[in-house]
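K.L.:
Below are the sequence and a predicted model; questions follow.
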Amino acid sequence: MIRHSGRSVDPDKPVENPEEFYGQQQVLRRIFARVGTERPQSVAVIGGAKAGKTSLLATIAHPEVRGRYLTDKGRHVFCRLDSGNTMYSDAAGFLAGACALLAGSCGDANPYTALQKTVEARHDRGELLVLLLDDFHLITGSPKFPLEFFSFLRSLANNYNLAYLTTSFLELQKLCVVKDIEESPFFNIFTNLSLGPLADEEAFRLLAALTGRGQEEVRELAAWSGGYPYVLKLVARELGAGAPAADPEKNLLPALAPYFERIVSILPPDAFNPLKSVARGKTPDPREAHLLRPLIRQGFLAERGEDLVAFAPSFAAFLRAGLARRLLAGRG
């Protein structure tokens with residue numbers, strides 16, 4: 001834990017207070033432009049581990065934030081459901097949980113029928129429903145959710161004023177457990193949005209709030225760290241524990257390395273050579289560059305013309321010094 005401005009901060013704890021949510025204003029505007037219409041539209045937010053996806057959903061669900069973006073906020077109903085909750089570990093449990101969130105109970109023995117009746121009733125009352133589904137890749141990647149389940153969710157969205165706002169670390173179709181589900185038209189209802197790093201000024205303001213240090217020192221550290229809030233919080237935690245701000249590659253990178261290892265773990269082993277090329281400042285072989293697309297979509301690699309570069313000096317330093325083939329296993 002670290003302290004700043006009289007508050008405690010845990011890098012691993014998602015933000016629940018919208019006052020502590022920094023940046024991503026463009027993403028928020030785009031999401032509300034989709035879900036905040038007379039006929040809500042579904043959005044899939046894609047971001048790497050600890051990219052702030054859960055914090056984003058918590059911010060969107062907060063009444064104060066909805067009031068800034070929605071002109072008819074009284075009709076919109078936002079319900080959060082954590083896909084990682086063991087209560088929702090199969091289709092029946094998930095549907096019953098969604099029904100309970102929307103209705104307080106689920107009287108029908110058939111969870112499909114019960115949820116449809118609940119959604120229909122709220123639709124008939126003129127309500128606009130948005131289900132916030134965090135870590136939805138746990139659903140698409142589980143054999144306990146059959147094709148029927150996804151067809152049913154699509155049917156609800158097509159026939160009622162209901163939309164889904166999901167989060168995952170890759171596109172949902174790439175995380176399906178079987179091909180029939182991967183090819184389901186369910187995924188066609190989504191607009192994909194990537195949750196990348198904060199802008200430079202946003203990263204500076206966040207690190208300044210976390211550490212309370214001088215502007216020049218904070219600006220240099222923020223530029224080295226990059227714009228991911230989790231990385232900035234790890235840096236702040238290390239500084240709070242007494243790590244020197246000088247020579248961050250020596251004094252701070254070891255604390256960031258486990259996170260960066262987790263980030264590259266989504267890549268297949270064949271991505272090692274092109275990623276090593278990026279680490280050396282070289283252009284990857286065009287025949288292999290596509291293997292790095294997941295890190296580009298998540299914002300950890302940036303396209304500069306024909307070149308690919310790390311999103312920040314901290315990640316570049318990790319690629320030079322800490323990258324090992326064993327880390328690239330396509331695990332996610």
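P.N.:
Noted; the coordinates are in hand.

K.L.:
Kindly provide the distance from the residue sitting nearest the centre point of the chain to residue 265.
P.N.:
By Cα atoms, centre = their mean, the chain has its centre lying nearest to residue 53, at 3.1 Å. Per Cβ to Cβ, to the nearest Å, residue 53 is found 17 Å from residue 265. Using the backbone N, CA and C atoms, a C-beta is placed for each residue, glycine as well.

K.L.:
what's the answer for residue 42, then?
P.N.:
Relative to residue 265, and taking Cβ to Cβ, residue 42 is found at 28 Å.

K.L.:
So the two - more neighbours on which side?
P.N.:
residue 42 (23 against 15; other Cβ atoms under 10 Å).

K.L.:
That one: what's it in contact with?
P.N.:
34, 35, 157, 163, 164, 165, 166, 189, 190, 191 (Cβ atoms under 8 Å, 6 or more residues apart in numbering).

K.L.:
Buried ones among those?
P.N.:
Buried subset of the contacts of residue 42 (neighbour count, 16 or more other Cβ atoms under 10 Å): 34, 35, 157, 163, 164, 165, 166, 189, 190.

K.L.:
For those, give me JSON lines that also has distance to residue 234.
P.N.:
Formatted as JSON lines, the buried ones among the contacts of residue 42 follow (distance: Cβ to Cβ, whole Å):
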{"residue": "34", "distance to residue 234": "32"}
{"residue": "35", "distance to residue 234": "32"}
{"residue": "157", "distance to residue 234": "38"}
{"residue": "163", "distance to residue 234": "34"}
{"residue": "164", "distance to residue 234": "31"}
{"residue": "165", "distance to residue 234": "27"}
{"residue": "166", "distance to residue 234": "26"}
{"residue": "189", "distance to residue 234": "36"}
{"residue": "190", "distance to residue 234": "31"}
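
K.L.:
least trustworthy helix or strand in this structure by mean pLDDT?
P.N.:
strand 2-4 (a mean of 43; mean pLDDT, DSSP states H and E).

K.L.:
a strand runs through residue 117, doesn't it?
P.N.:
No. Under DSSP: H, G, I helix; E, B strand; the rest coil, residue 117 sits outside any strand and is assigned helix.

K.L.:
and the gap between it and residue 81?
P.N.:
18 Å.

K.L.:
For those two, work out which one has more neighbours and name it.
P.N.:
More neighbours surround residue 81 than the other of residue 117 and residue 81, with 20 against 16 (other Cβ under 10 Å).

K.L.:
The more buried one belongs to a strand?
P.N.:
Yes. Applying three-state DSSP, one finds residue 81 inside a strand.

K.L.:
Outline the domain layout of the protein.
P.N.:
Following automatic domain parsing, one gets these domains for the chain: 25-194, 260-332.

K.L.:
need the contact list for the residue nearest to the centre of the chain.
P.N.:
45, 47, 134, 135, 167, 195.

K.L.:
quick one, phi/psi of the residue nearest to it when sequence neighbours are not counted?
P.N.:
Among residues not flanking residue 53 along the chain, residue 167 sits closest, at 3.8 Å (Cβ to Cβ, 6 or more residues apart in numbering). Dihedral pair for residue 167: phi -130, psi 150, per degrees, to the nearest 10.
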